[in-house]
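Enquirer: Sequence below, structure please.
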Amino acid sequence: MTASAATAVQPNDPPPEKVGIGGAAREYVDRVRGGDVGALPAVLGLAVLITVFAILRPVSFTNAFNFANLIHQAAAVIVIAMGLVFVLLLGEIDLSAGFTAGTAAAIMGIAATRNDWPWWAAVLACLATGAVVGTCIGLLVARLGIPSFVVTLAAFLGLQGVLLKLIGEGGTIPIRDDVLLAINNEDLPVWLGWALYAVTVGLFAAVLLRRYAGRRASGLPTQGMPVVLVKIGSVALLLGLATLFLSRERSRNPEAASIKGLPMVVLLLLVLLVVLTFLLSRTPFGRHVYAVGGNTEAARRAGINVWKVKLICFVISSSLAAVGGIMLASRDNSISPTTGGASTLLYAVGAAVIGGTSLFGGKGRVIDAILGGLVIAVIINGMGLLNQPSSVVFIVTGIVLLVAASVDALSRRRAASSGRV
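Expert: A predicted model of the protein is given here:
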């Protein structure tokens, strides 16, 4: 009998070992001790921040109107951060994402407002602008070998000039199309919010149950069904409470104008989360991204087309920056020379890193952008309610980002010493 035959799962073999709730908890603690902290710091930080602001401002911070407004404020930064996750996974950086968002939004504004294009054609022009910017940056970085810091810094400066040229000093381009304005201002009907909740929980449950069945069929150790059910139940409970909370009436004058339901932008965020997560975790391209970020030379020797992977990641980053530009324009009802500027890029990079994406490459998930973006949004929102000046907000946000980067560095060192990397 060969070694492979001896180790194969036989019909009379005992079923694969199942890990119960206690065992799963011990495994998670061991991973954390070994340096695999994942999104734990972001989740804990978010919980602490919400608790602190809820205590300090129990009425103004915890009401449904403020929570919905917080989601609207965070949406653009989260989407830009989603794109930056792809670049950071390579160990690269994109400093131009903020002004890519502004420039692409300006193209959309010119097309929709000045030239009377239909909204969908203006959006396509916006996305095409982002893709072109990403292609140019990707070719310079991947083919010519110019450091991404230098290329994207040059693009940061150049696109700022292009944005000024398109709009003019002190000028603005108003957004008047109802569809574009609704993207980051309107809410879903309550019934549609609950339908979205049911679909989201159903998809999450289907993924976990399919993974459970697949590992059992392959004879691999798997977490027990109680663990799977606890995960599904926890997500269903958290999302259900959020949907219920945001489905409440939050208008101060409901008779004049009713405001209730999930923000419409939540649907777009969920679609992007599912599609991009699938791209990174379930496709050969996603595996190549992690491989290149983990060890570029080893990936090249394994036959991976490294320059092509880098090019696509920069295109994805800039295209998602363009989507973020649409959200910024929708939220502000206009595009100005500062759209995508100021702190937009810094917050987007901070969101990805705070959420758990490593600055050293090879580690991160799309959901990190959502968690990190919410952390930053809660800080800005809570500090505003406490009437703190911008100086304090910047200082606190900088400290949080520094802590996140420190956790990343320490966890990598811990993982290296424990043999996990």
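
Enquirer: Distance of the residue lying closest to Ala106 once chain neighbours are set aside relative to Met108?
Expert: With C-beta to C-beta, 6 or more residues apart in numbering as the measure, Leu166 is the residue that lies nearest to Ala106, at 4.5 Å, once sequence neighbours are left out. C-beta: built from backbone N, CA, C; applies to glycine. Noted for Leu166: a distance of 11 Å to Met108, by C-beta to C-beta, to the nearest Å.

Enquirer: more crowded one of those two?
Expert: Met108 (30 against 18; other C-beta atoms under 10 Å).

Enquirer: picking that back up, quick one, what contacts the residue nearest to Ala106?
Expert: By C-beta atoms under 8 Å, 6 or more residues apart in numbering, the contact set of Leu166 is 103, 106-107, 110.

Enquirer: now with 10 Å?
Expert: Counting by C-beta atoms under 10 Å, 6 or more residues apart in numbering, Leu166 touches 102-103, 105-107, 109-110, 173, 335, 337.

Enquirer: same thing with Ser247?
Expert: 64, 187-191, 193-194, 197, 260-262.

Enquirer: quick revisit: overlap of the contact sets of Leu166 and Met108?
Expert: Taking C-beta under 10 Å, 6+ apart as the contact definition, Leu166 and Met108 share the neighbouring residues 173, 335.

Enquirer: Tell me how many other residues crowd Thr103.
Expert: For Thr103, the neighbour count with other C-beta under 10 Å is 33.

Enquirer: Quickly note the distance from it to Ala155.
Expert: Taking C-beta to C-beta, one finds Thr103 at 10 Å from Ala155.

Enquirer: Could you list the domains of this protein?
Expert: Domain ranges of the chain: 66-185+285-411, 187-262, per automatic domain parsing.

Enquirer: Would you mind measuring the gap between the ends of the last one?
Expert: Right, domain 187-262. The distance separating the two terminal residues of domain 187-262, taken as C-alpha to C-alpha, to the nearest Å, comes to 6 Å.

Enquirer: ok, now the first one?
Expert: As for domain 66-185+285-411, its first-to-last residue distance stands at 35 Å under the measure C-alpha to C-alpha.

Enquirer: Centre of the chain to it, how far?
Expert: Centre-to-centre, domain 66-185+285-411 and its host chain are 10 Å apart (C-alpha atoms, centre = their mean, to the nearest Å).

Enquirer: Let me know the average pLDDT across it.
Expert: Across domain 66-185+285-411, the average pLDDT comes to 90.

Enquirer: Run through the strands of the stretch 51-200 of the chain in chain order.
Expert: Here the stretch 51-200 of the chain has its strands, by DSSP state E, counting those that start in this stretch, at 173-174.

Enquirer: which residues of it fall in helices?
Expert: Along the stretch 51-200 of the chain, the stretches classed as helices by DSSP state H, counting those that start in this stretch are 64-89, 97-109, 119-142, 148-167, 178-183, 190-217.

Enquirer: Can you tell me which of those helices is packed in deepest?
Expert: Neighbour counts (mean count of other C-beta atoms under 10 Å) averaged over each of the helices of the stretch 51-200 of the chain peak at helix 97-109, with a mean of 31.

Enquirer: tell me which strands and helices that helix is in contact with?
Expert: When contacts are defined as 3 or more C-beta pairs under 10 Å, 6 or more residues apart in numbering; DSSP states H and E, helix 97-109 sits against helix 64-89, helix 119-142, helix 148-167, strand 173-174, helix 178-183, helix 306-332, strand 334-335, helix 344-355.

Enquirer: Let's have those in CSV, adding distance to Val227.
Expert: Putting these into CSV (distance: least, C-beta to C-beta, whole Å) gives the following:
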stretch, distance to Val227
helix 64-89, 27
helix 119-142, 40
helix 148-167, 40
strand 173-174, 52
helix 178-183, 38
helix 306-332, 33
strand 334-335, 48
helix 344-355, 24
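
Enquirer: quick one: contacts for the closest residue to Ser318 other than its chain neighbours?
Expert: Leaving out its chain neighbours, the residue that sits closest to Ser318 by C-beta to C-beta, 6+ apart is Gly134, at 3.0 Å. Listed by C-beta under 10 Å, 6+ apart, the contact set of Gly134 reads 83, 87, 94, 96-97, 100, 155, 311-322.

Enquirer: the inter-axis angle of the helix or strand in which Ile50 is found versus helix 64-89?
Expert: Secondary structure assigned from DSSP states H and E places Ile50 in helix 40-56. For the pair helix 40-56 and helix 64-89, the angle between their directions (axes from the mean of the first three to the mean of the last three C-alpha atoms, to 10 degrees) equals 160 degrees.

Enquirer: mind checking pLDDT for Arg282?
Expert: The score at Arg282 is 88. That number is its pLDDT.
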